[in-house]
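In: what follows is a protein structure lacking sequence information:
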């Protein structure tokens, strides 16, 4: 009998090699190659494809548009991230660090859908049925028709899906599931790809929404092949610090809604509770008349949020200035400091600069630039920014302040939170824009960093 053929596959990118390599030539990962057995090739007769009846191409105009009703999760913030609810037949991947609250959020969702829509299948490969039950008692699941399955075999999970015909399927986690068709270990590249593909086919064929829980690497990205994110319809990231009570769910990919949508939750003893007003939470402990503090109007998905940007500038004790950023890009901070020194005349070369976005939130949009400049300048000159002032705008290398998207929504959010003045790009102030009609907030348009600092620190 011919022995099975083995290959070595990179667990980071899926690259294959006939021999073991210490470093992957494609992604550069070290010690990532694991030996796997390739499946036997089917006979030549099995490769013939038989087209199904009526399987030809259809004219675009002849296809009827369908708008299936979404399934609500019972959690408003989770529905917002998903684009308004769960789409029937969709495959959703939820990733996050261990202990962040992924299983808690999905168990709360499963309990609500089980009561409101129909039976739910919760397949757990990492916890026993009794462990899931103990968490459910803390969350108040009650007598909802929720079926627990402590199973890691993919074929058994698919059999239970066909038998129960549930309204929702949860697989926790995709890295623990293995298929009998492959001889590699659970969590390997081949097993993760095969399990996700088969669950996708089952979800589409039975029109059953399916949630997959995924592990993350130490860099914060989803573990497993990159093809896993291409297979699923929606990719969600669960973020948050264990020292903070709030958690953030962010959509990195969504075929049925806005990308980069954000939902904010608070972790309590009875589970995750949605935070309807994140701006109030992030600004709740903001100190009054403190140098180095500025309020940013940012946009996350379709939602405007006010965030406090904190900066601390101190003289370097060792002659080598440090630049530390928490919540924003480190390279962007270095760029802004160079612009401030060159265009605004602030000598920051010998000072340590620390910038932090309070509350543990991360912002990567260009509108954060002007708020960072304001906070750093306020700390450097030891002069606080006037209360009731909000800031947003992109800063260019020439020191100019560039326009940002959805300026009217940012101003409206600042006005609702009690801010009376908004420093913003001059190009965003349009008297004909209906979004600014009736606003009581004073709009101050600036064209350069120097002009912005004159208004902020006057």
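Out: Right, received. Where do you want to start? Source: prediction; values computed, not measured. Numbering: from 1, shown residues only.
In: go ahead and confirm residue 411 touches residue 440.
Out: No: Residue 411 is beyond contact range of residue 440, at 10.3 Å (criterion: C-beta atoms under 8 Å). (Glycine included, C-beta is placed from N, CA and C.)
In: between those two, which is the more surrounded one?
Out: In terms of neighbours (other C-beta atoms under 10 Å), residue 411 is the more surrounded of residue 411 and residue 440; the figures are 24 against 6.
In: tell me the secondary structure for that one?
Out: Under DSSP: H, G, I helix; E, B strand; the rest coil, the three-state class of residue 411 is helix.
In: report the contact partners of it.
Out: Contact partners of residue 411, counting by C-beta atoms under 8 Å, 6 or more residues apart in numbering, are 297, 422, 424, 435, 436, 439, 441, 443.
In: name the helix or strand for the last one, please.
Out: Right, residue 443. Using DSSP states H and E, residue 443 sits within strand 442-446.
In: tell me the secondary structure at residue 264.
Out: Residue 264 falls in the strand class when you classify it by three-state DSSP.
In: got a list of what it touches?
Out: The neighbours of residue 264, taking C-beta under 8 Å, 6+ apart as the test, are 77, 246, 247, 248, 274, 275, 278, 281.
In: could you check how far it is from residue 77?
Out: In this structure, residue 264 lies at 6 Å from residue 77, with C-beta to C-beta, to the nearest Å as the measure.
In: need the residues touching each of the two.
Out: Contact criterion C-beta under 8 Å, 6+ apart; residues shared by residue 264 and residue 77: 274, 275.
In: from the contacts of residue 264, which is closest to residue 125?
Out: Each of the contacts of residue 264 was scored against residue 125 by C-beta to C-beta, and residue 247 proved nearest at 23.0 Å.
In: who does the closest one bridge with?
Out: Listed by DSSP bridges, the beta-bridge partners for residue 247 are residue 265.
In: may I have the strands that pair with the helix or strand of the chain with the lowest mean pLDDT, each with its orientation?
Out: When the helices and strands of the chain are compared on mean pLDDT, DSSP states H and E, strand 33-37 comes out lowest with a mean of 80. Paired neighbours of strand 33-37 in the sheet (DSSP bridges): strand 6-10 (antiparallel).
In: mind listing what's buried in the partner strand?
Out: Going by neighbour count (16 or more other C-beta atoms under 10 Å), the buried part of strand 6-10 is 7, 8, 9, 10.
In: next, format those as CSV and append pLDDT.
Out: As requested, the buried residues of strand 6-10 are exported to CSV (pLDDT from 0 to 100):
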residue, pLDDT
7, 84
8, 85
9, 83
10, 83
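In: any idea how far residue 429 is from residue 392?
Out: Counting by C-beta to C-beta, the gap from residue 429 to residue 392 is 12 Å.
In: got a list of what residue 326 touches?
Out: Contacts of residue 326 (C-beta under 8 Å, 6+ apart): 355, 356, 357.
In: let me fix that: residue 128
Out: If you count contacts by C-beta under 8 Å, 6+ apart, residue 128 has them with residue 150.
In: may I have the phi/psi pair for it?
Out: Torsion angles at residue 128 (phi, psi; degrees, to the nearest 10) stand at phi -80, psi 170.
In: try residue 324
Out: When quoted as degrees, to the nearest 10, the phi and psi of residue 324 stand at phi -130, psi 130.
In: name the element the closest residue to it other than its chain neighbours belongs to?
Out: Excluding its sequence neighbours, the residue lying closest to residue 324 (C-beta to C-beta, 6 or more residues apart in numbering) is residue 354, at 4.8 Å. Of the helices and strands defined by DSSP H and E, residue 354 is found in strand 351-357.
In: in the stretch 201-350 of the chain, which spans are helices?
Out: Counting by DSSP state H, counting those that start in this stretch, residue ranges of the helices within the stretch 201-350 of the chain are 227-231, 278-282, 330-343.
In: shared neighbours, residue 429 and residue 392?
Out: When contacts are counted by C-beta under 8 Å, 6+ apart, the set common to residue 429 and residue 392 consists of residue 407.
In: which residues sit against stretch 183-201?
Out: Outside of stretch 183-201, the residues within contact range by C-beta under 8 Å, 6+ apart are 4, 9-11, 14, 34, 36-37, 39, 91, 125, 152, 154, 157-158, 169, 171, 174-179, 181-182, 210, 212, 224-225, 227-228, 231-232.
In: filter those down to just the ones in strands.
Out: The strands in this structure, assigned by DSSP state E, contain 9, 10, 34, 36, 37, 91, 169, 171, 210, 212 from the contacts of stretch 183-201.
In: any of these buried? List them.
Out: Among the ones in strands among the contacts of stretch 183-201, those buried by neighbour count (16+ other C-beta under 10 Å) are 9, 10, 34, 36, 91, 169, 171, 210, 212.
In: tell me the one among these nearest to residue 324.
Out: The nearest member of these to residue 324, counting by C-beta to C-beta, is residue 10 at 33.2 Å.
In: what is residue 303 paired to in the beta sheet?
Out: Using DSSP bridges, the beta-bridge partners of residue 303 come out as residue 300.
In: residue 131 versus that one, what's the distance?
Out: From residue 303 over to residue 131 (counting by C-beta to C-beta), the distance is 35 Å.
In: more neighbours, the two?
Out: More crowded of residue 303 and residue 131, by other C-beta under 10 Å: residue 303, with 18 against 14.
In: among the contacts of residue 264, name the least confidently predicted one.
Out: Lowest pLDDT among the contacts of residue 264: residue 246, with 85.
In: hang on, that one packs against residue 359?
Out: Yes: in terms of C-beta under 8 Å, residue 246 counts as a neighbour of residue 359; the distance is 7.1 Å.
In: quickly list what's touching both of the two.
Out: With contacts taken as C-beta under 8 Å, 6+ apart, residue 246 and residue 359 have residue 281 as neighbours in common.
In: what about residue 141, which helix or strand?
Out: With DSSP H and E as the criterion, the answer for residue 141 is that it lies in no helix or strand.
In: right, and it touches residue 107 too?
Out: Yes: counting by C-beta under 8 Å, residue 107 is a contact partner of residue 141 at 7.0 Å.
In: between those two, who's got more neighbours?
Out: Set side by side, residue 141 and residue 107 show unequal neighbour counts under other C-beta under 10 Å, the larger going to residue 107 at 25 against 20.
In: tell me what residue 239 is bridged to.
Out: Under the criterion used (DSSP bridges), residue 239 bridges to residue 248.
In: so residue 429 and residue 392 - more neighbours on which side?
Out: Remark: of residue 429 and residue 392, residue 392 carries more neighbours, 31 against 17, as counted by other C-beta under 10 Å.
In: just the pLDDT for residue 113.
Out: In this model, residue 113 is scored at 95, pLDDT.
In: before we move on, what about residue 219?
Out: 64.
In: same question for residue 51.
Out: Reported pLDDT at residue 51 in the predicted model: 57.
In: and if you look at the one 3 residues further on?
Out: pLDDT, the model's per-residue confidence, is 58 for residue 54.
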